[in-house]
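Chemist: Please work out how this folds:
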Amino acid sequence: MSAYLDTRVTLYASRLWPDDALEALIAMPDAAVAETLGERGLPQLAAGYGSATEPQQNLPSLELRIISQILDETQVLIRPLSGDARAFLNFWTARFEVSNVKTLLRGKMTGERPAAILARLIPMGPFGRLDNAALAHAEDVGELLRRLEAGPYAAIVRRARRAFEQSQDPFSLDAALDRGYYEGLVRRAEPLEETVGAPFRRLMADLVDRINLVWLMRYRFNYGLPPAQVYYLLVASHYALSGARLRELAALDSPQAVLAALPAAWQARLAGATDIATVFARMERAAAADALQVLRSRAPEIARAFAYLILRERDLRAVRAVLRGRHLGLPGDDIRLALRRGSAGMH
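Modeler: As a prediction, the model looks like this:
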């Protein structure tokens with residue numbers, strides 16, 4: 001197992017996009033885009049380039065193609081895995097199916113026709129666990145939630161239903177689904193943190209701490225939610241931002257106060273940040289640097305595979321931003337601003 005997965009991860013790592021490759025993609029002529037995407041393992045994103053008669057790809061299609069690429073590569077990496085490692089990477093893909101759950105619920109709330117709802121769902125391929133057709137034909141939101149609670153995401157949906165029943169607020173439903181998903185991911189990561197050790201734990205800490213800090217600041221200062229509600233919507237965590245620390249941060253009355261109360265290393269990393277987007281970008285950049293270090297190390301194969309998937313998804317979001325900018329005819333400087341990517345070693 002180790003030899004196959006290590007070899008596959010090393011081969012896939014050659015497809016990652018250094019900054020100069022992204023810079024070249026911004027400026028290159030259309031005729032060269034298809035070849036460049038193909039060389040980096042993304043031929044399915046090349047539709048609309050290199051042929052004057054081929055229609056430009058539409059943006060929703062681009063998004064779905066990128067998700068399809070993530071799922072395809074995960075399927076290859078998961079092939080030799082078993083036990084806790086396989087369960088973890090399977091659940092890592094489930095965030096896309098949780099997005100489908102949100103689409104189903106919103107569609108049912110607004111009275112959308114089942115066919116229209118189904119057309120907007122992300123194709124999950126072999127990772128799909130839901131009977132989308134049956135769910136889309138549920139009579140109402142209540143029946144849909146009951147069916148979901150009888151399915152593979154029962155624990156996530158049950159808590160979300162309770163939050164929705166108390167507030168009748170779609171935001172609370174979405175936020176509770178997100179929290180439930182990431183708490184499920186943390187539970188599946190715990191046995192791997194014990195057996196794989198520091199490299200895997202560092203990747204999870206980067207992910208969960210970033211999510212919690214950004215959500216806390218958004219819920220508290222953009223949406224004006226009270227501290228108790230903010231804390232309830234955050235992911236239960238044993239990483240740097242523990243439950244006790246998150247409770248303290250949620251009680252503060254300004255973004256500046258939150259940033260000033262973070263660990264010293266984080267304050268240095270976020271010095272001068274004035275908005276949530278900058279906080280997210282800097283924390284993601286640091287997480288990418290950690291993932292790249294794990295990928296290049298002799299860490300256990302599941303840690304290297306997870307590091308690759310983190311970096312690959314970040315790359316694909318950057319490629320998406322460039323392709324969208326090109327489709328819209330944006331100046332190169334505007335596309336570069338949209339990337340908000342910064343340096344992370346190879347990235």
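Chemist: Quick one: neighbours of Tyr182, just the number.
Modeler: Number of residues near Tyr182 (other CB atoms under 10 Å) recorded here: 22. Heads up, the C-betas are built off the backbone N, CA and C, glycines and all.
Chemist: what's the helix or strand where it lies packed up against?
Modeler: Secondary-structure element containing Tyr182, defined by DSSP states H and E: helix 170-196. Other helices and strands packing on helix 170-196, by 3 or more CB pairs under 8 Å, 6 or more residues apart in numbering; DSSP states H and E, are helix 83-109, helix 154-167, helix 198-217, helix 227-233, helix 301-328.
Chemist: what about the ones you listed, which gets the closest to Leu25?
Modeler: When those are compared by CB to CB, helix 301-328 sits nearest Leu25, at 5.1 Å.
Chemist: list the helices and strands that closest one packs on?
Modeler: Using 3+ CB pairs under 8 Å, 6+ apart, helix 301-328 sits against helix 2-13, helix 19-27, helix 59-78, helix 83-109, helix 170-196, helix 198-217, helix 276-295, helix 332-339.
Chemist: Arg317: which of those helices is closest?
Modeler: helix 59-78 (7.8 Å).
Chemist: could you give the mean pLDDT of that closest one?
Modeler: For helix 59-78, the mean per-residue pLDDT is 88.
Chemist: Just the buried positions in it, please.
Modeler: Going by neighbour count (16 or more other CB atoms under 10 Å), the buried part of helix 59-78 is Leu62, Arg65, Ile66, Ile67, Ser68, Gln69, Ile70, Leu71, Glu73, Thr74, Leu77, Ile78.
Chemist: Pipe the residues you listed into TSV and attach distance to Leu241 per row.
Modeler: Formatted as TSV, these follow (distance: CB to CB, whole Å):
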residue	distance to Leu241
Leu62	34
Arg65	34
Ile66	29
Ile67	28
Ser68	33
Gln69	31
Ile70	27
Leu71	30
Glu73	30
Thr74	27
Leu77	29
Ile78	29
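Chemist: Could you single out the nearest of the residues you listed to Asp6?
Modeler: Closest approach between the buried residues of helix 59-78 and Asp6, by CB to CB: Leu77, at 10.8 Å.
Chemist: so what's the residue nearest to that closest one when sequence neighbours are not counted up against?
Modeler: Closest residue in space to Leu77, ignoring its immediate chain neighbours: Ala305 at 4.8 Å, by CB to CB, 6 or more residues apart in numbering. Neighbouring residues of Ala305 by CB atoms under 8 Å, 6 or more residues apart in numbering: Leu5, Val9, Leu77, Leu89.
Chemist: so, if you compare the residues you listed, which one comes nearest to Thr274?
Modeler: Leu89 (36.6 Å).
Chemist: check contacts around the residue nearest to that closest one when sequence neighbours are not counted.
Modeler: Of all residues not flanking Leu89 in the chain, Ile78 sits nearest, at 4.9 Å (CB to CB, 6+ apart). By CB under 8 Å, 6+ apart, the contact set of Ile78 is Arg86, Leu89, Asn90.
Chemist: Name the nearest of those relative to Asp275.
Modeler: Leu89 (33.3 Å).
Chemist: List the contacts of the closest one.
Modeler: Counted by CB under 8 Å, 6+ apart, Leu89 has contacts Thr74, Leu77, Ile78, Leu81, Ile302, Ala305, Phe306, Leu309.
Chemist: how much space is there between the third one and Arg65?
Modeler: Using CB to CB, to the nearest Å, Ile78 is found at 20 Å from Arg65.
Chemist: do the same with Asp209
Modeler: Asp209 sits 31 Å away from Arg65, going by CB to CB.
Chemist: How many residues are close by Pro123?
Modeler: Considering only other CB under 10 Å, Pro123 is surrounded by 13 other residues.
Chemist: one step back: could you identify which of the helices and strands packed on helix 301-328 is most buried?
Modeler: Compared across these, helix 198-217 shows the largest average neighbour count, a mean of 21 (mean count of other CB atoms under 10 Å).
Chemist: chain center to stretch 184-195: distance?
Modeler: 18 Å (CA atoms, centre = their mean, to the nearest Å).
Chemist: Check stretch 165-182 too.
Modeler: Counting by CA atoms, centre = their mean, stretch 165-182 comes out at 17 Å from the chain centroid.
Chemist: cool, stretch 136-147 as well?
Modeler: With CA atoms, centre = their mean, you get 27 Å for stretch 136-147.
Chemist: same question, stretch 27-44
Modeler: Distance, centroid of stretch 27-44 to centroid of chain: 24 Å (CA atoms, centre = their mean).
Chemist: do stretch 245-264 as well
Modeler: Chain-centre distance of stretch 245-264: 24 Å, with CA atoms, centre = their mean.
Chemist: now do the same end-to-end measure for it.
Modeler: 14 Å (CA to CA, to the nearest Å).
Chemist: Buried residues in stretch 227-234, which are they?
Modeler: Pro227, Gln229, Val230, Tyr231, Tyr232, Leu233, Leu234.
Chemist: and which of these is nearest Ala47?
Modeler: Leu233 (39.0 Å).
Chemist: could you say what helices and strands the helix or strand where Arg146 lies packs with?
Modeler: Using DSSP H and E, Arg146 falls within helix 141-149. Packing partners of helix 141-149 (3+ CB pairs under 8 Å, 6+ apart): helix 83-109, helix 132-136, helix 154-167.
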